[in-house]
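# no sequence on this one, just coordinates:
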Ligand code: HEM
Ligand SMILES: [Ca+2]
Ligand SMILES: [Ca+2]
């Protein structure tokens, strides 16, 4: 029951306000586009797209999120600007969904119509974040199961993983792959080892682009990297490792329009996960705390 026109009368300048702020943030730091896109994913997979991830504490302390999620201050600043034009009208959950779309567009990726009308949660759960967000050690069957639990099919999962065409990862999340796995290009592994020492606890937070080819462009290079065994995370390369998703990866690698279309479709589906609507939840005044 979300709708593209939800704010057309109640806050006609909402979408342009969000877009201007996202464009400025991404222009000043391209990685911020990646960080904002990831925030929406981590929101939707835990309790649905209800801005639970933005509440201080709780989910933010979960293993996949702590010391990793970024962009909270950009969202807070957008919320302040939107409150100034339309008081207590636009939810933080909708701001996240629109900011994710505008981030992808700002980095040259596809656009789609964002459905609106989500409301904000009054709760957040560290335990649910730990159980529902897939770890980078996931094998293919786990990824398929994890996305299926959220109503997303295998094609959606492969397309959404293409978000790793932008942004960066910390060494601790790909160390095991670059030292111990065999389905990795050896020159690629050696180059990464220079900035990611073997010993646990040393250089854990050192950063490398998820897509070394075009780290700040939202394109299909993620998939061409997989074809040459240059996926950064274990959970990336399992998508092209002799299994059931190989054909989809090959299609997205050779056909950028097919990827763009599948990504846009899957983002709309992800954005529809268990929204609070009507009188459920609330419109937060500040995204980091309940009213
Ligand atoms: C398929 C399962 C997925 C796994 C296991 C996974 C895991 C990860 C990990 C480990 C990182 C690096 C975090 C760090 O080192 O701090 C990361 C970064 C990122 N992920 Fe995923 N991810 C998945 C799916 C997705 C999806 C569906 C999206 C969005 C639609 C997404 C968007 C991103 C982005 C944009 C970054 C870079 C963030 C930044 O640079 O701030 N990921 N992911
Ligand atoms: Ca959520
Ligand atoms: Ca790229």
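Here it is on my side, so go on. Not measured: the values here are computed from a predicted model. Ligands and ions are numbered 1, 2, ... in the order given.
# please enumerate the helices of the stretch 101-250 of the chain.
Remark: helices assigned in the stretch 101-250 of the chain by DSSP state H, counting those that start in this stretch are 126-132, 140-148, 154-161, 175-180, 186-193, 221-227, 234-237, 246-254.
# minimum distance to ligand 2: which of those helices has it?
Shortest distance between ligand 2 and the helices of the stretch 101-250 of the chain, using Cβ to the ion, is found for helix 126-132: 8.5 Å. For the C-beta atoms, the positions are set from N, CA and C on the backbone; glycine is no exception.
# can you list the residues of the chain near ligand 2?
Counting by Cβ under 5 Å from the ion, the chain comes close to ligand 2 at 43, 46, 47, 50, 52.
# out of those, who's near ligand 1?
Among the residues of the chain next to ligand 2, no residue lies close to ligand 1 (Cβ under 6 Å from any ligand atom).
# which of the residues you listed fall within helices?
In helices, defined here by DSSP state H, the members of the residues of the chain next to ligand 2 are residue 43.
# next, format the residues of the chain next to ligand 2 as JSON lines and append pLDDT.
Shown next, in JSON lines, are the residues of the chain next to ligand 2 (pLDDT from 0 to 100):
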{"residue": "43", "pLDDT": "98"}
{"residue": "46", "pLDDT": "98"}
{"residue": "47", "pLDDT": "98"}
{"residue": "50", "pLDDT": "98"}
{"residue": "52", "pLDDT": "98"}
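# picking up where we left off before, now the helices of the stretch 101-250 of the chain in a markdown table, with mean pLDDT, distance to residue 289 and mean neighbour count?
Shown next, in a markdown table, are these (pLDDT from 0 to 100; distance: least, Cβ to Cβ, whole Å; neighbours: other Cβ atoms under 10 Å):
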| stretch | mean pLDDT | distance to residue 289 | mean neighbour count |
| --- | --- | --- | --- |
| helix 126-132 | 98 | 16 | 17 |
| helix 140-148 | 98 | 29 | 17 |
| helix 154-161 | 99 | 29 | 22 |
| helix 175-180 | 98 | 36 | 17 |
| helix 186-193 | 98 | 39 | 14 |
| helix 221-227 | 98 | 36 | 23 |
| helix 234-237 | 98 | 32 | 22 |
| helix 246-254 | 99 | 40 | 18 |
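# need these in TSV with distance to ligand 3, can you?
Output for the helices of the stretch 101-250 of the chain, formatted as TSV (distance: least, Cβ to the ion, whole Å):
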stretch	distance to ligand 3
helix 126-132	26
helix 140-148	20
helix 154-161	13
helix 175-180	19
helix 186-193	15
helix 221-227	4
helix 234-237	13
helix 246-254	12
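# between those, which gets nearest to residue 267?
Residue 267 lies closest to helix 154-161 among the helices of the stretch 101-250 of the chain, at 7.3 Å (Cβ to Cβ).
# buried members of the residues of the chain next to ligand 2 into PyMOL, please.
To isolate the buried ones among these in PyMOL, judged by 16 or more other Cβ atoms under 10 Å, type:
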select buried, resi 43+46+47+50+52
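# wait, which of the helices of the stretch 101-250 of the chain is closest to residue 205?
Nearest to residue 205, of these and by Cβ to Cβ, is helix 175-180 at 11.5 Å.
# show me how far that closest one is from its chain's centre.
Chain-centre distance of helix 175-180: 24 Å, with Cα atoms, centre = their mean, to the nearest Å.
# list the contacts of the residue lying closest to residue 270 once chain neighbours are set aside.
Nearest residue to residue 270, sequence neighbours excluded (Cβ to Cβ, 6 or more residues apart in numbering): residue 44, at 5.1 Å. Each residue near residue 44 by Cβ atoms under 8 Å, 6 or more residues apart in numbering is listed here: 150, 270, 271, 273.
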